[in-house]
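**Student:** kindly generate the corresponding structure for this input.
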Amino acid sequence: MVILRVLRVTLHVGFAALLSVAVVRLLSMGQAGVLGYVWTAAACVLAGVYLTGTLQEKRFAAAGTGMDPRRYGVLWLGIVTALWLVLLSASAEFSWLAFPLFFLHLHVLPRRVALLTIALMTAAVIAAQWASSGLAAPQPAMVIGPLFGAGFSIVTGLAYRALYREAERQRRAVDELRRTRTELAASQHDAGVLAERERLAREIHDTLAQGLSSIVLMARAAEKSLADGDAATAAARLALVRQTASENLSEARSFVRGLSSPQLQGASLLESLHRLCERTETTAAARGVRLRCRVELDGEPVDLPQPYRVTLLRAAEASLANVADHAGASNAVVTLAFLGSDVALDIYDDGVGFDPGTLAAQTAARTDGTGYGIRSLQQRVQELDGSLDLESAPGEGTVVAVRLPLREAAGRTGR
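**Tutor:** Modelled structure (predicted):
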């Protein structure tokens with residue numbers, strides 16, 4: 001674009017310089033009378049028309065306003081050429097203006113039309129110089145010079161035209177690239193917003209929603225104990241309410257900062273699962289439910305990345321919450337197994353069970369915000385390229401099985 005701008009400016013400056021030189025030579029050769037002023041005025045009109053067209057073209061290219069050169073360019077070029085022919089008929093000194101006009105014809109007109117007009121203009125230049133010489137026949141220089149100049153102008157003009165088209169293609173490509181980058185940035189922003197919304201939804205469901213549900217149930221149990229006059233039991237249940245609320249406050253502050261679960265800070269996954277089982281038993285007892293929960297380990301434990309630990313802990317939390325709320329179970333077993341290339345977490349309960357085939361329809365039919373746990377857990381597991389299986393039948397209990405590939409874990413920790 002810089003090269004094109006320099007060539008364009010050079011063309012305009014050259015046209016102005018050649019026109020000025022032609023007028024000065026015309027006046028210095030005895031045309032200082034009224035006729036000289038007439039031709040000078042005609043030259044000024046030519047300069048004005050030329051300047052107006054170039055300024056309008058520049059304005060349209062820069063801001064898209066003013067006259068469209070694609071619609072008015074041919075008319076403007078015709079007026080400029082006609083004025084030049086009038087001046088050429090007055091004096092051969094205006095012959096030199098043909099060379100910048102050659103470039104304009106090649107730029108504005110179709111190639112075949114431009115070559116034809118250049119040939120006619122070259123003939124006009126030769127005729128004007130022959131007429132001004134007063135010779136019976138034109139000299140070779142009068143023919144060779146304009147022909148050579150026309151040929152050079154055609155070659156240079158075609159090169160300029162090719163360069164101009166290439167610059168236009170690059171400009172359109174850059175505009176398309178910018179538009180694509182803007183659309184991509186917008187889509188990435190939307191995707192980021194959706195991803196963050198999904199993260200918050202999962203964290204809220206797996207921590208705050210379950211914690212608040214436990215608080216509501218224990219608060220009702222405490223009210224019942226107070227109504228029965230059992231102040232000690234009521235106090236114990238209110239203590240659990242306070243503890244659960246404190247834990248949920250820590251969870252809320254943690255996931256707002258994008259950190260891991262406070263239960264995993266300073267503790268291994270196995271220790272966190274033991275504490276979760278103890279809390280599940282205590283919470284169930286406070287609600288008058290007899291539930292025994294234990295943790296079993298299979299294989300040699302390995303260090304897991306934080307996303308894996310959080311996903312497995314959330315799977316245990318969501319599953320045990322469902323056991324306490326819906327299963328009516330008396331026993332729950334959490335098994336953490338390291339199986340060489342995989343790590344697995346199984347949560348079993350001996351509750352009433354259900355039909356997994358109807359789970360999706362029942363969940364979709366809910367409008368109260370419940371039923372999000374399985375979908376949230378599936379999303380967590382899929383993000384780690386793992387699998388989630390749900391096995392259950394009415395009256396036969398339930399097993400939730402999570403399996404994560406350890407080689408993916410090694411890649412995520414850089415090992």
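**Student:** please make it C-alpha for all contacts and neighbour counts, starting now.
**Tutor:** Noted.
**Student:** and the contacts of stretch 339-348?
**Tutor:** Stretch 339-348 has contacts (Cα atoms under 8 Å, 6 or more residues apart in numbering) with 299, 312, 316, 319-320, 332-338, 397-407.
**Student:** filter those to the buried ones?
**Tutor:** Those of these that meet the buried threshold are 312, 316, 319-320, 332-338, 397-406, by 16 or more other Cα atoms under 10 Å.
**Student:** all helices of the stretch 301-415 of the chain, in order?
**Tutor:** Chain-ordered helices for the stretch 301-415 of the chain, with DSSP state H, counting those that start in this stretch as the definition, fall at 306-322, 359-365, 373-383, 406-413.
**Student:** worst average pLDDT in the ones you listed?
**Tutor:** Lowest mean pLDDT within the helices of the stretch 301-415 of the chain: helix 359-365, a mean of 52.
**Student:** ok, now how distant is residue 249 from residue 283?
**Tutor:** Taking Cα to Cα, to the nearest Å as the measure, residue 249 falls 18 Å from residue 283.
**Student:** of the two, which one has the most company?
**Tutor:** residue 283 (23 against 14; other Cα atoms under 10 Å).
**Student:** quick check: the more buried one touching residue 238?
**Tutor:** No - contact criterion Cα atoms under 8 Å: residue 283 and residue 238 do not qualify, at 11.1 Å.
**Student:** any shared contact partners between these two?
**Tutor:** Shared contacts of residue 283 and residue 238, defined by Cα under 8 Å, 6+ apart, are found at residue 218.
**Student:** pLDDT score for residue 203?
**Tutor:** 68.
**Student:** try the one 3 residues further on
**Tutor:** Residue-level confidence at residue 206 comes out at 66, pLDDT.
**Student:** just the mean pLDDT for stretch 277-289, thanks.
**Tutor:** Mean per-residue pLDDT for stretch 277-289: 81.
**Student:** and that stretch, how far out from the chain middle?
**Tutor:** 49 Å (Cα atoms, centre = their mean, to the nearest Å).
**Student:** stretch 276-294 too?
**Tutor:** Distance, centroid of stretch 276-294 to centroid of chain: 49 Å (Cα atoms, centre = their mean).
**Student:** in this protein, which helix is the longest?
**Tutor:** helix 140-203 (DSSP state H).
**Student:** and the next helix or strand past that one?
**Tutor:** Per DSSP states H and E, the first helix or strand lying C-terminal to helix 140-203 is helix 210-227.
**Student:** burial count for residue 169?
**Tutor:** Other residues within reach of residue 169, judged by other Cα under 10 Å, total 12.
**Student:** my bad, residue 339
**Tutor:** 15.
**Student:** over to the one 10 residues further on?
**Tutor:** Burial measure for residue 349: 27 neighbouring residues, criterion other Cα under 10 Å.
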